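A.B. asks: have a look at this prediction, sequence included:
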Amino acid sequence: MAGHIQDRWYKTEPGPGGKTVKVKTDRHGTGLRYRARYIGPDGSEKSKSFPDRKKREAERWLTNIEADMSRGDYVAPDAGKVTFEQYATGWMASQITDPLTRESVESRLRLHAIPHLGVRPMASFTPSHLRVWLRVLEDRGLSAGYRRGIFAHVSTVFTAAVEDRVIRENPCRARSVKAPRLEPRKVKPWSVERLLAVRSALPERYAGLVNLAAGCGLRQGETFGLAVEDVDFANGTLHVVRQVKLLRLHRPIFAPPKGGKERDVPLPDSVARALAAHLKACPAVRVTLPWKALDGPPVTASLFFTGSAGLPLDRNRFNDRVWRPALRAAGVETGRDNGMHALRHFYASVLLDAGESIKALSEYLGHHDPGFTLRTYTHLMPTSGTRTRAAVDRVFPD
């Protein structure tokens with residue numbers, strides 16, 4: 001149905017000789033005169049009123065509305081009145097990501113976005129509102145990486161609102177709105193001496209974790225979730241198919257590796273021997289946990305590494321009661337750079353030093369993109385000068 005302009009001050013009636021005449025209505029001289037009306041894509045009638053002498057403005061407004069509908073760019077005039085909190089809450093409820101990711105996103109939005117942006121209607125946001133909010137986060141002393149993550153979540157909410165025809169543009173994408181910049185950090189791999197010192201400081205039942213993470217590049221949750229049935233000792237292959245994750249109240253579940261990316265990793269003989277020795281000293285424990293969610297189907301696996309009571313390892317408790325004490329005993333600082341993830345960096349540095357390709361390393365680490373692997377570890381790769389000198393030295397050994 002085409003839109004039309006209604007003159008609320010006058011109406012047409014049959015006049016003498018079959019002609020129509022304009023007569024005043026009971027609204028004449030009061031209220032807004034022109035009402036622009038149209039039928040929206042959802043079948044409901046929409047309208048907007050304009051004052052006297054503004055008929056052309058009403059016509060332009062209606063023409064723009066009809067053009068937006070023909071292009072598929074239509075946004076209902078009232079859609080953007082929903083507040084950020086209302087829309088973000090509905091958006092979060094519709095997410096189908098894994099439970100731990102949902103909890104993280106909901107926590108960040110609830111703590112750092114909704115208190116500052118929540119009451120503002122979605123259509124009223126301008127880039128300046130986002131710039132002020134980002135400055136508030138910075139003043140609160142949050143790290144650049146954490147602020148960048150929060151900003152990404154907020155931008156995703158606005159993108160979803162654009163796709164839902166709630167707003168026309170994402171204000172986070174304005175050129176004047178800059179995502180927090182990460183401070184440049186270069187991975188500094190551990191030395192072999194530090195690796196062995198930390199391994200020696202760990203209790204015997206956990207020492208093999210160092211061999212596994214540093215020898216196969218597994219993440220902490222993947223080492224906790226490795227089962228006997230995942231290791232092909234005969235063919236020297238380790239299948240990374242699950243991890244142990246913690247949901248609210250520190251309740252453990254089994255879940256796929258990060259990004260749902262299962263992978264096969266070469267199993268070095270030294271790591272195979274360490275795992276075999278560990279099984280002899282600490283037999284595997286069959287553990288049953290829900291899969292992917294607290295109400296997920298039960299899955300059972302014979303885990304290599306568990307707590308003394310046979311329970312799956314809790315990363316927070318393990319880091320606090322086992323890992324950091326071992327670092328201190330080995331004379332290593334207990335900061336972020338020396339978490340168990342440092343063992344993955346050690347693995348990457350060893351492979352790159354041996355001439356392994358970025359593509360292969362990316363596959364073994366379970367990265368989603370070899371470009372990410374290259375950006376993370378490019379400074380550890382042998383330089384062209386090093387390769388040149390080595391090549392010439394092979395020709396002229398003496």
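C.D. replies: Structure received. From a predicted model like this one, the values you see are computed outputs, not experimental measurements.
A.B. asks: Val240 contacts Val265, doesn't it?
C.D. replies: Yes: under the criterion of C-beta atoms under 8 Å, Val240 makes contact with Val265 at 6.1 Å. Where C-beta positions appear, they are placed from N, C-alpha and C, glycine not excepted.
A.B. asks: between the two, tell me which one has more neighbours.
C.D. replies: Val240 (25 against 21; other C-beta atoms under 10 Å).
A.B. asks: next, Thr38: phi, psi?
C.D. replies: Careful, residue 38 is Tyr; it's not Thr. phi -160, psi 170 (degrees, to the nearest 10).
A.B. asks: so it is in contact with Ser44, correct?
C.D. replies: No: applying C-beta under 8 Å, one finds Tyr38 not in contact with Ser44, separated by 10.1 Å.
A.B. asks: more neighbours, those two?
C.D. replies: Tyr38 (17 against 8).
A.B. asks: got the phi/psi numbers for Gly80?
C.D. replies: Dihedral angles (degrees, to the nearest 10) for Gly80: phi -80, psi 0.
A.B. asks: same check on the one 3 residues further on?
C.D. replies: With angles defined as degrees, to the nearest 10, Thr83 sits at phi -80, psi 160.
A.B. asks: go on, Leu134?
C.D. replies: phi -60, psi -40.
A.B. asks: please apply the same query to the one 3 residues further on.
C.D. replies: In terms of degrees, to the nearest 10, the main-chain angles of Leu137 are phi -60, psi -40.
A.B. asks: how about it, what does it touch?
C.D. replies: Applying C-beta atoms under 8 Å, 6 or more residues apart in numbering to Leu137 gives the contacts 112, 147, 150, 180.
A.B. asks: in the stretch 201-350 of the chain, which spans are strands?
C.D. replies: Along the stretch 201-350 of the chain, counting by DSSP state E, counting those that start in this stretch, strands occupy 231-232, 237-240, 243-247, 251-255, 263-266, 285-290, 298-303.
A.B. asks: of the ones you listed, which approaches Ala161 most closely?
C.D. replies: Nearest of these to Ala161, taken as C-beta to C-beta: strand 243-247 at 28.1 Å.
A.B. asks: where does the prediction get shaky in the stretch 151-300 of the chain?
C.D. replies: 184, 249 (pLDDT under 70).
A.B. asks: nearest approach to Leu212 belongs to which of the strands of the stretch 201-350 of the chain?
C.D. replies: So among these, strand 237-240 is nearest, using C-beta to C-beta, at 8.4 Å.
A.B. asks: what does that closest one contact?
C.D. replies: Contacts of strand 237-240 (C-beta under 8 Å, 6+ apart): 216, 218, 222, 226, 230-232, 257, 262-267, 271, 366.
A.B. asks: for these, which one is nearest Arg199?
C.D. replies: Val271 (12.5 Å).
A.B. asks: ok, the closest one touching Leu218?
C.D. replies: No: applying C-beta under 8 Å, one finds Val271 not in contact with Leu218, separated by 10.2 Å.
A.B. asks: and for those two, which residues touch both?
C.D. replies: Leu212.
A.B. asks: between those two, which one's more packed in?
C.D. replies: Higher neighbour count among Val271 and Leu218: Leu218, with 28 against 21, using other C-beta under 10 Å.
A.B. asks: got the phi and psi for the closest residue to Gly15 other than its chain neighbours?
C.D. replies: Of all residues not flanking Gly15 in the chain, Val21 sits nearest, at 3.7 Å (C-beta to C-beta, 6 or more residues apart in numbering). Phi and psi for Val21, reported as degrees, to the nearest 10, are phi -130, psi 150.
A.B. asks: show me the beta-bridge partners of Val21.
C.D. replies: With DSSP bridges as the criterion, Val21 is bridged to Glu13.
A.B. asks: any shared contact partners between Val240 and Val265?
C.D. replies: Common neighbours of Val240 and Val265 (C-beta under 8 Å, 6+ apart) are Leu218.
A.B. asks: how about the strands in the stretch 1-150 of the chain?
C.D. replies: Using DSSP E, counting those that start in this stretch, strands in the stretch 1-150 of the chain cover 4-7, 10-14, 20-24, 34-39, 45-50.
A.B. asks: tell me which of the ones you listed lies nearest to Arg328.
C.D. replies: strand 45-50 (67.0 Å).
A.B. asks: tell me what that closest one is packed against?
C.D. replies: If you count contacts as 3 or more C-beta pairs under 8 Å, 6 or more residues apart in numbering; DSSP states H and E, strand 45-50 packs onto strand 34-39, helix 55-71.
A.B. asks: output the first one in CSV with nothing but the alpha carbons.
C.D. replies: Listed in CSV are the C-alpha atoms of strand 34-39, where the atom choice follows Å, rounded to 0.1, in the frame of the first residue of the first chain:
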residue,chain,number,x,y,z
TYR,A,34,-0.3,16.8,8.2
ARG,A,35,0.0,13.1,9.0
ALA,A,36,2.2,11.0,6.7
ARG,A,37,1.0,7.5,6.8
TYR,A,38,2.4,4.2,5.3
ILE,A,39,2.2,0.4,5.8
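A.B. asks: list the strands paired with that strand, with their directions.
C.D. replies: With DSSP bridges as the test, strand 34-39 pairs up with strand 4-7 (antiparallel), strand 45-50 (antiparallel).
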